[in-house]
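Colleague: need the 3D shape of this:
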Amino acid sequence: MRRPSARGPVVVVGDTLLDRDVEGVVNRLCPDSPVPVLDETAHADRPGGAGLAAVFAAAQGAEVALVTALADDAGGARLSTLLTAAGVQVYALPLPGATPEKIRLRARGRVLLRHDRGGPAGEPGEPAEAVLRLIADASVVLVSDYGRGVAGHPALRAALAATAAPVVWDPHPRGPAAVPGVQLATPNESEARDLAKVAPGASRLVTASRGAQGLRERWRAGAVAVTLGGDGALLCHAGATPLVVPAPASAEGDTCGAGDRFAAAASIALARGALVSEAVQHAVAEASAYVAGGGVAAALPPPVRTPPTVRPATGGERIGAAAAGALAAEVRAAGGTVVATGGCFDLLHAGHVATLQAARQLGDCLIVCLNSDASVAGLKGPDRPVVQQGDRSRMLAALSCVDAIVIFDEATPDAALSWLRPDVWVKGGDYAGGVGDEPVLPEEELLRRWGGHTVVVPYLAGRSTTDLIEAARAGGGMPVTAPSAGSVGGNRRSGVERPSTEGAR
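Modeller: Numbers count the residues shown, from 1 in each chain. Now for the predicted structure:
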């Protein structure tokens, strides 16, 4: 029997979708067809599928890593941002095609229509060695299968079969069978019936029991818990008599995500040493409270009630997540090397250009991750940036060494990098903290998730946006002296060099 590790993270493996709830009011019918017209009042984006399970696990205070596949499009970029903001470490595999999206149109808390898009599932790319080590060192692994290929990846299945961590398998009718020996499988009623090929019985519990027994034998699983909605769950494990775990109280509400909440809660309980029966009882209580409390709308951040910010579309097809993702996919498909760098690039100067030119020579394209105005203000203070993001992105796009620009709002480019998965991440300057003369960059561990690496390129000494601004305010020219704390090369305080978030800013 597998025993949980006390040290590793909770690892979620599976397919992630981009879910969007569009809330509105209906006051009239469409004049050309007798259907209601929904006037949008708010919308909310969130990770769906395995991403939602990972967010739920992270909300319980666990260290969570998500192994999933992300497409090279704006939807993939949005998912990476949402997951990173929720505290989830993203280990992304390449996903051909478009991000799968699930859009629910709602009025007064009820779903009027669901619109799915994103095309058929593509074959996910190969996981890096860091992903396989992650699964091996996990405290528990939750496979959240949504039938789009991640759970069927041969390399991942081999790692799942070999790990010493307990494995929880949340199946999908279009997905593969669980790897042999999982500690707990968590199908719902219809999934258990269909996967075990059980005909409806005389009662709901009889059918669920037959489905659970059939799956347990077929998959050689330690236990199978069939979720029964508001009636709780039926647990089939060692022994002939199944255990019925009733829900604390019957509650009506939005059940979207309840199965993910159940599986995440059971996984965390197992990681913390609970027996399977205890984990299932905890999961039933968690899922019931989740539905009673308002479901996904109450569990995740509130919807956006103002129109989303539309960044300037100038700069041809080189600015934005769609442009950056398409370029990265094209270069990778041709066997090329994707290079990325990042920074504020406020008051573009010769030091910036030198770093960008050096970075471009390291591969077949250069993508710049640009701090948004909000990100710069958070890092530098309310008087920065001097140049707004629209103009900064246009100036970068005008440089022949820059192939695409993606703007990010966070303090670090981690979310953008997790989605772009560049082969090389470049910073300008010298960094202390390595062994001997070897530099250590803050993003180095992140790049290992997909087999990328970090590089430091030379910079022009004395070029500094901060010094340039101070000189301009003093009425002088641009100083060319030793790098200051705001220079491209790094922070110097009390004679000690430290990694800087300034980068090529």
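Colleague: all helices for the stretch 151-300 of the chain, in order.
Modeller: With DSSP state H, counting those that start in this stretch as the criterion, the stretch 151-300 of the chain has helices at 154-162, 189-196, 204-219, 258-271, 276-292, 296-299.
Colleague: closest one to Gly87 among the ones you listed?
Modeller: Smallest distance to Gly87 across these (Cβ to Cβ): 13.4 Å, for helix 258-271. The C-beta positions use only the backbone N, C-alpha and C, and glycine is treated the same way.
Colleague: may I see the buried residues of that closest one?
Modeller: Using 16 or more other Cβ atoms under 10 Å as the test for burial, helix 258-271 gives 258-271.
Colleague: okay, now the unreliable bits of the stretch 401-505 of the chain?
Modeller: Low-confidence segments of the stretch 401-505 of the chain (pLDDT under 70): 429-440, 459-505.
Colleague: dump the helices of the stretch 151-300 of the chain to TSV, plus mean pLDDT and distance to Val387.
Modeller: TSV is the format used below for the helices of the stretch 151-300 of the chain (pLDDT from 0 to 100; distance: least, Cβ to Cβ, whole Å):
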stretch	mean pLDDT	distance to Val387
helix 154-162	97	45
helix 189-196	90	54
helix 204-219	90	58
helix 258-271	96	43
helix 276-292	94	46
helix 296-299	80	39
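Colleague: tell me which of the ones you listed is the most buried.
Modeller: Highest mean neighbour count among the helices of the stretch 151-300 of the chain (mean count of other Cβ atoms under 10 Å): helix 258-271, with a mean of 27.
Colleague: by how many degrees do it and helix 276-292 diverge?
Modeller: With axes from the mean of the first three to the mean of the last three Cα atoms, to 10 degrees defining the directions, helix 258-271 sits at 140 degrees from helix 276-292.
Colleague: tell me what helix 258-271 is packed against?
Modeller: strand 10-14, helix 50-59, strand 140-144, strand 167-170, strand 224-227, helix 276-292 (3 or more Cβ pairs under 8 Å, 6 or more residues apart in numbering; DSSP states H and E).
Colleague: for Ala328, find the nearest of those.
Modeller: Nearest to Ala328, of these and by Cβ to Cβ, is helix 50-59 at 20.6 Å.
Colleague: what does that closest one contact?
Modeller: 10, 12-17, 19, 46-47, 64, 66, 68, 79, 82-83, 86-88, 142, 144-146, 150, 170, 257, 260-261, 263-265, 267-268, 296, 299-300 (Cβ atoms under 8 Å, 6 or more residues apart in numbering).
Colleague: try it again at 7 Å.
Modeller: Helix 50-59 is contacted from outside by 10, 12-16, 46-47, 64, 66, 68, 79, 83, 86-88, 142, 144, 146, 257, 260-261, 263-264, 267-268, using Cβ atoms under 7 Å, 6 or more residues apart in numbering.
Colleague: buried members of those residues into ChimeraX, please.
Modeller: A single ChimeraX command selects the buried members of these (16+ other Cβ under 10 Å):
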select :10,12,13,14,15,16,46,47,64,66,68,79,83,86,88,142,144,146,257,260,261,263,264,267,268
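Colleague: name the helix or strand for Val368, please.
Modeller: Val368 is part of strand 365-371 when elements are defined by DSSP states H and E.
Colleague: quick one: mean pLDDT over the helix or strand following that strand.
Modeller: Note on strand 365-371: by DSSP H and E, the next helix or strand toward the C-terminus is helix 373-380. The average pLDDT within helix 373-380 is 93.
Colleague: what residues of helix 373-380 count as buried?
Modeller: So, applying 16+ other Cβ under 10 Å, buried residues of helix 373-380: 373, 375-376, 379-380.
Colleague: quick one: the following helix or strand past that helix to helix 373-380, angle?
Modeller: Sequence-wise, the next helix or strand downstream of helix 373-380 (DSSP H and E) is helix 389-397. Interaxial angle of helix 389-397 relative to helix 373-380 (the same axes, to 10 degrees): 90 degrees.
Colleague: how is this protein carved up into domains?
Modeller: If you go by automatic domain parsing, the domain ranges for the chain are 51-72+124-299, 321-498.
Colleague: tell me which of those domains is the most buried.
Modeller: Highest mean neighbour count of those: domain 51-72+124-299, a mean of 21 (counted as mean count of other Cβ under 10 Å).
Colleague: ok, back up a step: so which of the buried residues of helix 258-271 would you say is closest to Ala289?
Modeller: For the buried residues of helix 258-271, the residue nearest Ala289 by Cβ to Cβ is Arg261; the value is 8.9 Å.
Colleague: who touches the strand holding Val368?
Modeller: Contacts with strand 365-371, where a contact means Cβ under 7 Å, 6+ apart, come from 324, 327-328, 331, 336, 338-345, 356, 359-360, 379, 389, 392-393, 396, 401-408, 413, 416-417, 420, 422.
Colleague: at 8 Å what do you get?
Modeller: Outside of strand 365-371, the residues within contact range by Cβ under 8 Å, 6+ apart are 324, 327-328, 331, 336, 338-345, 356, 359-360, 379, 389, 392-393, 396, 401-408, 413, 416-417, 420, 422, 505.
Colleague: I'd say Arg204 and Gly230 touch.
Modeller: No: taking contacts as Cβ atoms under 8 Å, Arg204 lies outside contact range of Gly230: 11.9 Å.
Colleague: hang on, the earlier thing: I'd like the buried residues of helix 373-380 written out as JSON lines, with distance to Gly119 added.
Modeller: As requested, the buried residues of helix 373-380 are arranged in JSON lines below (distance: Cβ to Cβ, whole Å):
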{"residue": "Asp373", "distance to Gly119": "34"}
{"residue": "Ser375", "distance to Gly119": "32"}
{"residue": "Val376", "distance to Gly119": "37"}
{"residue": "Leu379", "distance to Gly119": "38"}
{"residue": "Lys380", "distance to Gly119": "41"}
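Colleague: show me what contacts Leu195?
Modeller: Contact analysis of Leu195 by Cβ under 8 Å, 6+ apart lists 171, 173, 177, 187, 211, 215.
Colleague: now do the last one against Val13, distance only.
Modeller: Distance check for Leu215 against Val13: by Cβ to Cβ, to the nearest Å, it reads 19 Å.
Colleague: need the pLDDT of Thr31.
Modeller: Heads up, residue 31 is Pro, not Thr. Note on Pro31: pLDDT of 91.
Colleague: which of the helices or strands spans it?
Modeller: Using DSSP H and E, Pro31 sits in no helix or strand.
Colleague: list the contacts for Ala416?
Modeller: 77, 80-81, 342, 369, 406, 408.
Colleague: try 7 Å this time
Modeller: Shown in contact with Ala416 (Cβ under 7 Å, 6+ apart): 77, 369, 406, 408.
Colleague: let's see which of those end up in helices.
Modeller: If you go by DSSP state H, the contacts of Ala416 have Ala77 in helices.
Colleague: with respect to Asp116, which of the contacts of Ala416 is nearest?
Modeller: The closest of the contacts of Ala416, once distances to Asp116 are taken by Cβ to Cβ, is Ala77, at 20.0 Å.
Colleague: list the contacts of the closest residue to the closest one other than its chain neighbours.
Modeller: Using Cβ to Cβ, 6 or more residues apart in numbering and skipping the chain neighbours, the partner closest in space to Ala77 is Ala321 (3.9 Å). Contacts for Ala321 (Cβ under 7 Å, 6+ apart) come out as 74, 77, 406.
Colleague: what residues are bridge-paired with the last one?
Modeller: When assigned by DSSP bridges, Val406 has beta-bridge partners Cys369.
Colleague: which stretches in the stretch 51-200 of the chain count as strands?
Modeller: Taking DSSP state E, counting those that start in this stretch as the test, the strands found in the stretch 51-200 of the chain are 64-71, 88-95, 101-107, 110-117, 140-144, 167-170, 184-185.
Colleague: among those strands, which is nearest Glu444?
Modeller: Per Cβ to Cβ, nearest to Glu444 of the strands of the stretch 51-200 of the chain: strand 88-95, 14.6 Å.
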